[in-house]
Each structure stands twice: as C-alpha cells, then as structure tokens.
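**Student:** make a model of this:
(one chain, ligands or ions: 1)
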Amino acid sequence: MKYISTRGNAPELSFEQAMLTGLARDGGLYVPETWPSFSPDQIAAMAGKSYEDVAFEVMKPFVGDTFTDAEFRDIIAKAYAGFGHPARCPIKQIDNNQFLLELFHGPTLAFKDVAMQLIGQMFQVALKRRGETVTIVGATSGDTGSAAIEAFRGLDAVNVVIMFPHGRVSEVQRRQMTTPVESNIHTLAVDGDFDTCQGLLKDMFNDFDFRDEVRLAGVNSINWARVMAQVVYFFTSAVALGAPHRKVSFTVPTGNFGDIFAGYVAKRIGLPIERLVIATNQNDILHRTLQSGDHAKTGVVPSISPSMDIQVSSNFERLVFDLYDREGAAVSQLFDQLKTDGAFTLSQGALARLHAEFDSGRCSETETLATIKTVFDTTGEVLCPHTATAVKVASEQPASATPMVTLATAHPAKFGAAVKDACGVEPELPPRMADLFDRDERQTRVAGDLAAVQKIIRERIKA
Ligand SMILES: *Cc1c(COP(=O)(O)O)cnc(C)c1O
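**Tutor:** Below you'll find the model as predicted:
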C-alpha cells in the first residue's frame, strides 16, 4: 500500500515511511492511495474473534509487508497486553438501542492508548531494523501526550518531547505526563492554548533543517498509523452488535477529527455504518461547518472536556481530500486560505457529500454536566465529560432501529473534579494509578515561540 499527501505535492511513501514521518513535506497529511475493501463474508467471519485477531485482519492491508505476519501479531499482542479489560474495547448498553464503546482501559485511561500503544511497538520494531533513532515531538490537549509517553518511555531509540498548553490540562492529565522518570521523556508546558502547541508542531515539521537535524517524527493524530489503529474498534463493536447483517451508527466526541475519521475509513472499507455523528463541545467549528459549509475559526474557549477544545481540526483535511475527489491542489488552496484568513467555505458539492455521511451536534457546558447527572441517576454509569457531550448529541438524533454506539473516550477519574460537580460522585482512579498524586513532577515552562522551543529540544536531545 502506497501513501499520498492530501496536498498532492510530496513524495509517495510506504506505510513505514509514512508512520515514521507523520506530516508530509508539502504540509499535507498522508492517506492510503486506494481504500482496501472487506466483503460482508469477511466481516461476518470476524464474529467471535478476539480484539487482537480482528485488529490483525483490519490493519493488514494498510501495513502491507512492512512486518511479517508473525511480527505484526506479536506487535499487536504486546500493544494490548496492558489493557485492563480482556475485551480491550468492550461495549455496554445504557438505554434502548444506545451503547457505549469503552475505549479507556489502556494505561492512561483514554482512547489515545489504543493507537499509541500499537505505534510504540511498531516504531520499536521498525527503528531497530533500521538502526536509527528519532525524536518524537507531540502537541497535546491532554490525552495524547500521556499516551505517547506511556507508549515510548524507556525505549532508547526514541526521544519524546511533549508540548501541552500550560494550565489547560486536568491535574491527572498533567501528572501522567510529568511524573515518568525515564530520561528519554521531556515535557514542555507551553504558554498558549492547544492550537499554539499544534501550530508550533506544524512549524517544526516545516523547518526542514531542524526536522532533519533532530530526526523529527510525529505521533499526533495526524499520523496515519494512529487513524488506522482506531479503525479496528469500529469493526469489533459493529460486529458484536450484528454487522454485517445489521447496520450500526456511531456518535464520536470530536476534537482533532482523528477518531471519527477512523469511523469514516471503516465505512469506506466495507463496514455497514449508517450514520457518523460528530459531537462537539462549545468549541463547535465542525458543527458549524456542517450547518453552513463555512469552516471558520474562532477563539478556543476552555471547557470541562479539554481534549475537544480546538478550532483547528487537523484530520478534517483528510476528509476534505475525499470530498474534493482527492484533488491535492484544491485541498492545498483551502488550507492555505484557512491559514491566512482563518476560514474557508466548502463548495456545494463537497458540502452535499459531507452531509451524505455525517451529522453533527453541539453540547454546551451546562448540557454536559446535566448529561453526566442524568446518565448516573438512570443507569449508575459515570461518564467523563467528553463522553457526556457525545451521549447528549446521540440522544438528539432521530429515533431509529439502528443501534447507536457512542464512543466513551476517557475514564471519568481523569476528569474527577468536573464529574463530581455534575453528579456528586468522585470517580476513583484504578489501583495501578492510586499513587499518581504522590509522585514528583518534572516539566519545563516555555514561551509559545518556535525558536524558544527548538532551542530546548536541541539541548535536551544532546544531553
Ligand atoms: C483526543 C480526545 C478526543 C477527541 O478525539 P479526536 O480524535 O481528536 O477527535 C475526545 N475525547 C477524549 C477523552 C480525547 O482524549
């Protein structure tokens, strides 16, 4: 399988190259040149199989011959061995025809682990074989950073530098990033918001000298391998609910559009998904885009679902690429305009194609809190605020006989204060994390400025 850039002006890469590179040199994102296809019979045969076996089958066409079958099975086994549930990503019913897909049983209690644990194992095998080292730089609104740190801590072929917006992540999120003791882990508290961090990351990738000097690699949700890993749980959950004989719909709490884009990929490659519903919090650029066709940035307003607090939704570019018949020049023009004017407008044709696959809804702060309380009162289930936004949006969809699966993206204990405010219950951290608040923290505060951040990275990776 070859990978091409959404801006049509970067070299084609293999899976391994795309995984190790992240962002394309023309500023675009890598996508598969063609979509593989799973027949209903192939999907039916997934019923009753383990998460790992389905993962192997779903991802195999995307990785091609990057790894031998035995290597790839071993990578998958290691990636999910540390999950605290034998089903890895179990589903749970919360109402008539309403289900939660629990994606938070990994080491950092958020869905980012599902992809990041796999990436850690794949990087290790690929880099060992090449005899290389890389510097992984990530920007996080909270959960990606700790997931990357957990996936790479102690691997000596990899330095990890994580930038997070100072003062804008929850205490559990921050401590998960600042308490690991391994010397290959570096955590930067950046003055600014998540978009500042993500902008710095993009600028670093576009500084080719710096990129080559530190052997920069990205594992943010722009990395194709992450999207690929997330396609798997759409399959396991849909098959558990009767696919391919029955259609399934999904509602996804959305920020950077990586998770829901994986749902779109699942549909493109054959999974019978009826609707894909984008749930946003008060930072609702994607909901507004669906309503009007205008993709217009406003300021980020901090919320109690911080991992969704963004206005630049990077993976949306991958969808726009398909909406524009995979014409890189058109995508390039739109995203240049977004950079200069802060907005672009989708063509009528593109908007119609968007509506053919997706619906959307927005959930305010008050509604998020009220949803946590209602679901707790009626089912005893404690939701994290991100999951609550999506449960609310799912509940507003037209009644349907098709099962609705809402992605539960974090454990409620990661956002304990907000959850306690909402329903009076303070969710507990699982035992393996009980001492998180006693561990020492290690972080470097830095201005939201490219030169300042590059200087620190150069110093650190030499040390
Ligand atoms: C990252 C994250 C999201 C948003 O996912 P995207 O792939 O960025 O759209 C939602 N909820 C939680 C808990 C997250 O960590």
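
**Student:** low-confidence ranges, the stretch 1-150 of the chain, go.
**Tutor:** Residue ranges of the stretch 1-150 of the chain with pLDDT under 70: none are present.

**Student:** how about the residues of it that lie near the ligand?
**Tutor:** Contact residues (CB under 6 Å from any ligand atom) of the stretch 1-150 of the chain with the ligand: 110, 112, 143. All C-beta atoms are positioned from the backbone trio N, CA, C, and that covers glycine.

**Student:** the stretch 251-400 of the chain too?
**Tutor:** 253-259, 307-308, 386.

**Student:** could you pull up the mean pLDDT of stretch 189-208?
**Tutor:** Mean per-residue pLDDT for stretch 189-208: 92.

**Student:** residues contacting it, please?
**Tutor:** The contact list for stretch 189-208, computed with CB atoms under 8 Å, 6 or more residues apart in numbering, reads 22-23, 25, 27, 137-141, 163-168, 210-211, 216, 218, 220, 300, 302, 309-312, 314, 443-448, 450, 453-454.

**Student:** in a helix, residue 239, correct?
**Tutor:** Yes: under DSSP: H, G, I helix; E, B strand; the rest coil, residue 239 sits within a helix.

**Student:** which ones are touching it?
**Tutor:** Neighbouring residues of residue 239 by CB under 8 Å, 6+ apart: 43, 46-47, 54.

**Student:** of the residues you listed, buried ones?
**Tutor:** In these, burial by neighbour count holds for 43, 46, 54, counting by 16 or more other CB atoms under 10 Å.

**Student:** mind checking how far the second one is from residue 270?
**Tutor:** Just to be clear, that refers to residue 46. Separation of residue 46 from residue 270 (CB to CB, to the nearest Å): 11 Å.

**Student:** can you check the last one too?
**Tutor:** Relative to residue 270, residue 54 is positioned 13 Å away (criterion: CB to CB).

**Student:** ok so, going back, of the contacts of stretch 189-208, which belong to strands?
**Tutor:** 137-139, 163-165, 216, 218, 444-446 (DSSP state E).

**Student:** out of those, which one has the lowest pLDDT?
**Tutor:** residue 218 (80).

**Student:** need the nearest residue in space to that one, chain neighbours excluded.
**Tutor:** residue 22 (2.7 Å; CB to CB, 6 or more residues apart in numbering).

**Student:** residue 107 reaches residue 113, doesn't it?
**Tutor:** Yes: counting by CB atoms under 8 Å, residue 107 does reach residue 113; the two are 5.8 Å apart.

**Student:** starting at the chain centroid, how far to the one helix or strand residue 122 maps to?
**Tutor:** Per DSSP states H and E, residue 122 falls inside helix 112-130. The chain centre lies 16 Å from the centre of helix 112-130; the measure is CA atoms, centre = their mean, to the nearest Å.

**Student:** report the buried residues of it.
**Tutor:** For helix 112-130, by 16+ other CB under 10 Å, it's 112-127.

**Student:** ok, now stretch 169-189?
**Tutor:** Buried, per 16+ other CB under 10 Å, within stretch 169-189: 169-170, 172-180, 184-189.

**Student:** start to end distance for that stretch?
**Tutor:** 10 Å (CA to CA, to the nearest Å).

**Student:** about what we covered before: from the contacts of residue 239, which single one is nearest the ligand?
**Tutor:** Within the contacts of residue 239, the smallest distance to the ligand is 20.4 Å, found for residue 54 (CB to the nearest ligand atom).

**Student:** what's the closest one sitting at in phi/psi?
**Tutor:** phi -70, psi -40 (degrees, to the nearest 10).

**Student:** now do the SS call for the nearest residue to residue 308 once chain neighbours are set aside.
**Tutor:** In space, and not counting its chain neighbours, residue 308 is closest to residue 255: 4.2 Å by CB to CB, 6+ apart. Secondary structure assignment for residue 255 (three-state DSSP): coil.
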